[in-house]
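>>> no sequence for this one, just the structure:
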Ligand SMILES: O=c1ccn([C@@H]2O[C@H](COP(=O)(O)OP(=O)(O)O)[C@@H](O)[C@H]2O)c(=O)[nH]1
Ligand SMILES: O=c1ccn([C@@H]2O[C@H](COP(=O)(O)OP(=O)(O)O)[C@@H](O)[C@H]2O)c(=O)[nH]1
Ligand SMILES: [Mn+2]
Ligand SMILES: [Mn+2]
């Protein structure tokens, strides 16, 4: 019943502004399919995402929406365009323009869904989980929102007048939805809906106690799963150099398991898709063979 | 008016099970005096706290209460005594026996109060701030509670039957008051009432945005302020070796400023007090001169 009622009007939404993050979006989307979501899947992209990657995204997502800042010419847009440091922030708030849906759950492309989370649609805007850095702020990697051009305008306005205290979307959204910490406990998503993948390092006993219920894991920071080296034959996994990491390896493995099972075969089948490395700000970007047995990153090293 | 109404029935409560943590309690108590609290100050001690230190505590605290697990002989107490790993936990829950007060605010001895926090008494049991490790747990370094022998029994019972998932009081209290994360937003103290001193490393932009309002700083972890080396002449401050740290130095300085201004002169004046090092599990414990110009830790090195 629920499936029929909401399948067109509610969506999970993610964002990819380049082919790199699109690898995240593919694996995230597949993880949502694997847990049998009844809602639509939508991905917001910008012009930089290649045609090959868009084809891949279409195989998993119901809807791809390109946002283009240059399309609008109102004052708020133009003022924002003068602030390139807010670029990605700008793209994320464009999700509020998806008014074909009445309610959405935004997920960062660096999230992985481990269990069905359709119950998130029972929540109201703006629901989100606390951020481990400053827990009176919510983490903007997972949140429930209602698309609305009015809210979109308000967010743009807020970006222009107040900017973002952290230079990203999280700082902006926490200013706009500033009563999150104090107003309504039902807007606080349980931490297991946006669990940072490093939590086993910061408070292992709590992770042992509550971690088996985790539903969404979020790979915050520079060491994104797609930047790891993974050898499918040996199972060897290593973190990208100089990017910190701190992710629990168990979760990075789960990301790679979905990627290698569902995404990689399709990419290898499509001769036209840009190989991952060509889309990366990498120094190892020459002569790749996307068909070999190794991982994304191993491929880059060939 | 408020001062008259509540000065006898409401108290800030801390805990020190040895002379080491008592240095924390002294500085904490002084920090509460400095911000002009109208409430009582109470410190719970165990037998290990020396007589000299108790005299020092009396100069700042209105009430010193010794708790002695061996005084009670009920089943819960006896079962707990068989679990020495829960020792400190055991002492903290004894704060619920302070029934001469109707409402209390517990503060860890490693907290420092920077601004008046008497408004905490407007909150109900159990109010606390989120823990940065797993933010659906509260941090048990600062919490509002109502002394009650019934709750005390319940906590003992819970300790016996369920233990503590982290081996400390925080794991136990989060099991007993398990609806904190989901039930009532007014039980969520703002993070500025229990800000971990390392937050400028974990989310600097948020700290820059909200940190000027911080009221209580909490030095979690092994590198307690009293274990730092501080040279009052040169202002040189260095973290204890092998204990991590990660505290913002600015706050450690504020701790030492209160300690050297208010506490150290009194300690030096009291020939009978045990010098700090004699109470520490330290290898440098011989021939100290508490009158010299250096810090607690420098003294240990003479
Ligand atoms: O170059 C970028 C950076 C970010 N994003 C999107 O914005 C989200 C937030 O950025 P990120 O996850 O890198 O931030 P973190 O969670 O590490 O703070 C990503 O998950 C993507 O959905 C993107 O598309 N391109
Ligand atoms: O040996 C100890 C350990 C702890 N405590 C008390 O228990 C509190 C909690 O311990 P701690 O602050 O060391 O834990 P953390 O905040 O670092 O997790 C301390 O602040 C003290 O009040 C104590 O009296 N003696
Ligand atoms: Mn992210
Ligand atoms: Mn503490």
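Happy to help now that I have it. Being a predicted model, the structure only gives us computed values, none of them experimental. Ligands and ions are numbered 1, 2, ... in the order given.
>>> count of residues packed around residue A:251?
Per other C-beta atoms under 10 Å in any protein chain shown, the neighbour tally for residue A:251 reads 22. (C-beta placed from N, C-alpha, C; glycine too.)
>>> what about it, distance to residue A:197?
From residue A:251 across to residue A:197, the span is 5 Å (C-beta to C-beta, to the nearest Å).
>>> could you do residue A:122 as well?
According to C-beta to C-beta, residue A:122 stands 26 Å off from residue A:197.
>>> and those two? Which one has more around it.
More crowded of residue A:122 and residue A:197, by other C-beta under 10 Å: residue A:197, with 27 against 10.
>>> which residue is the nearest non-sequential neighbour of the more buried one?
Nearest non-adjacent residue to residue A:197, counting by C-beta to C-beta, 6 or more residues apart in numbering or on different chains: residue A:247, 4.1 Å away.
>>> overlap in contacts of residue A:251 and residue A:197?
A:217, A:219 (C-beta atoms under 8 Å, 6 or more residues apart in numbering or on different chains).
>>> if I've got this straight, residue A:43 is in a strand?
Yes: counting by DSSP: H, G, I helix; E, B strand; the rest coil, residue A:43 is found in a strand.
>>> can you name the residues bridging to it?
residue A:14, residue A:64 (DSSP bridges).
>>> how far does stretch A:122-137 sit from its chain's centre?
Centroid separation between stretch A:122-137 and its chain, computed with C-alpha atoms, centre = their mean, to the nearest Å, is 16 Å.
>>> and if you look at stretch A:157-173?
On C-alpha atoms, centre = their mean, the centre of stretch A:157-173 falls 19 Å from that of its chain.
>>> same check, this time on stretch A:101-114
Mean-position distance between stretch A:101-114 and its chain equals 7 Å (C-alpha atoms, centre = their mean).
>>> just the endpoints, please. Distance across that stretch?
The first and last residues of stretch A:101-114 sit 24 Å apart, counting by C-alpha to C-alpha, to the nearest Å.
>>> avg pLDDT for that stretch?
For stretch A:101-114, mean pLDDT is 98.
>>> hmm, it touching ligand 1?
Yes: contact of stretch A:101-114 with ligand 1 (C-beta under 6 Å from any ligand atom) involves A:108, A:109, A:110.
>>> so which bits of that stretch are buried?
Across stretch A:101-114, burial judged by 16 or more other C-beta atoms under 10 Å in any protein chain shown covers A:101, A:103-114.
>>> among the residues you listed, which ones are in helices?
Among those, no residue falls in helices (DSSP state H).
>>> possible to save those residues as TSV with distance to ligand 2?
Compiled in TSV, those are given as follows (distance: C-beta to the nearest ligand atom, whole Å):
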residue	distance to ligand 2
A:101	44
A:103	40
A:104	39
A:105	34
A:106	34
A:107	33
A:108	30
A:109	35
A:110	30
A:111	30
A:112	30
A:113	32
A:114	29
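>>> thinking again about what came up before, from the residues of stretch A:101-114 next to ligand 1, which is closest to residue A:138?
Ranked by distance to residue A:138 (C-beta to C-beta), these are led by residue A:108 at 12.8 Å.
>>> wait, doesn't that closest one sit right on residue A:142?
Yes: under the criterion of C-beta atoms under 8 Å, residue A:108 makes contact with residue A:142 at 7.2 Å.
>>> and which of the residues of stretch A:101-114 next to ligand 1 is nearest to chain B?
Comparing the residues of stretch A:101-114 next to ligand 1 against chain B with C-beta to the nearest C-beta places residue A:108 closest, at 16.4 Å.
>>> on that earlier part again, which neighbours do residue A:108 and residue A:142 share?
Listed as contacting both residue A:108 and residue A:142 by C-beta under 8 Å, 6+ apart are residue A:218.
>>> check contacts around the residue in the stretch 101-250 of chain A that ligand 4 sits nearest to.
At 13.9 Å from ligand 4, residue A:203 is the closest residue in the stretch 101-250 of chain A, using C-beta to the ion. Contact partners of residue A:203, counting by C-beta under 8 Å, 6+ apart, are B:131, B:133, B:134, B:137, B:166.
>>> quick check: the nearest residue to residue A:33 once chain neighbours are set aside vs ligand 3, distance?
Spatially, and ignoring its direct neighbours in sequence, residue A:33 is nearest to residue A:60 (6.5 Å; C-beta to C-beta, 6+ apart). For residue A:60, the distance to ligand 3 equals 19 Å [C-beta to the ion, to the nearest Å].
>>> residue in the stretch 201-302 of chain A nearest to chain B?
residue A:203 (2.7 Å).
>>> span of stretch A:237-256 from start to end?
9 Å.
>>> pLDDT of it, averaged?
Mean per-residue pLDDT for stretch A:237-256: 88.
>>> buried residues in that stretch?
A:239, A:240, A:245, A:246, A:247, A:248, A:251, A:252, A:254, A:255, A:256.
>>> can you redo those as JSON lines with distance to ligand 2 and secondary structure?
Putting these into JSON lines (distance: C-beta to the nearest ligand atom, whole Å; DSSP: H, G, I helix; E, B strand; the rest coil) gives the following:
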{"residue": "A:239", "distance to ligand 2": "28", "secondary structure": "coil"}
{"residue": "A:240", "distance to ligand 2": "32", "secondary structure": "coil"}
{"residue": "A:245", "distance to ligand 2": "25", "secondary structure": "coil"}
{"residue": "A:246", "distance to ligand 2": "20", "secondary structure": "coil"}
{"residue": "A:247", "distance to ligand 2": "24", "secondary structure": "coil"}
{"residue": "A:248", "distance to ligand 2": "22", "secondary structure": "coil"}
{"residue": "A:251", "distance to ligand 2": "26", "secondary structure": "helix"}
{"residue": "A:252", "distance to ligand 2": "29", "secondary structure": "helix"}
{"residue": "A:254", "distance to ligand 2": "31", "secondary structure": "helix"}
{"residue": "A:255", "distance to ligand 2": "32", "secondary structure": "helix"}
{"residue": "A:256", "distance to ligand 2": "35", "secondary structure": "helix"}
